[in-house]
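sequence and predicted structure are below.
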Amino acid sequence: MAMQNIIESVKLKYQSLDTNNIEDDLEFEVLFNDLVSNDFNTLFKSLPPDRQYFAAGVPGGFHGRLFPKASLHFVHSSYALHWLPNTPKVLMNKNSPAFNKGRIYYHNSAKEVGEVYSAQFEKDMESFLGARAEELVGGGLMAIVLVCLPDDVPASLCTETGITDLLEAALLDMAKEHRKNGANIAIRK
């Protein structure tokens, strides 16, 4: 849906420029990205059959380079940048003031836990933006959609916090159930 909206917007822009029907000559290539373990077949099966673009999958972590220099005209990232590529080790160290007690989120944690997550997010964003800066053509555009929280608003007042608390509880319950049943859980390091 997002890709179709972006393509329609570009076409409307060209029409408004009165470029002698150049929009008939426009062709779009959409490059989807996810981790190597993603099932791209499911993604491709879900694409609309009447789509107005060519589609390809690009495996790999988006915090680093994925595409050749100056090869992208538009980058769209939606609700992905909040996922960390790695858990900071200090969060798992029982002797650290930033020990997160096996949790996967920082809400209702010690101040040090939030500071560690914040520092990791800053590092990850710098990597992401640096990689995209090399990949975008001059004058290229980027749209990023993610949940944000102003510095002066406590997480407890944010609607997304409740949703994340529920997600965390469900994931931790699933992990406990797997351990109880003797199943192996793959942990990405």
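Cool, the structure landed.

just checking, what packs against the particular helix or strand that has residue 15 in it?
Element membership of residue 15 [criterion: DSSP states H and E] is helix 2-16. Counting contacts by 3 or more Cβ pairs under 8 Å, 6 or more residues apart in numbering; DSSP states H and E, helix 2-16 packs against strand 72-78. C-beta: built from backbone N, CA, C; applies to glycine.

contacts for the strand it packs on next, please.
2-3, 6, 10, 31, 62, 128, 132, 135-137, 140-146 (Cβ atoms under 8 Å, 6 or more residues apart in numbering).

please pick the buried ones from these.
3, 6, 10, 62, 128, 132, 135, 136 (16 or more other Cβ atoms under 10 Å).

okay if I get those residues as CSV plus distance to residue 104 and pLDDT?
Shown next, in CSV, are the buried ones among the contacts of strand 72-78 (distance: Cβ to Cβ, whole Å; pLDDT from 0 to 100):
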residue, distance to residue 104, pLDDT
3, 30, 86
6, 32, 88
10, 38, 84
62, 20, 94
128, 21, 96
132, 27, 97
135, 30, 98
136, 32, 96
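
and of those residues, the nearest to residue 49?
Using Cβ to Cβ, residue 3 is the member of the buried ones among the contacts of strand 72-78 that lies nearest residue 49, at 14.1 Å.

which non-adjacent residue is nearest the closest one?
Take residue 3 and drop its neighbours on the chain: the residue closest to it by Cβ to Cβ, 6 or more residues apart in numbering is residue 30, 5.1 Å away.
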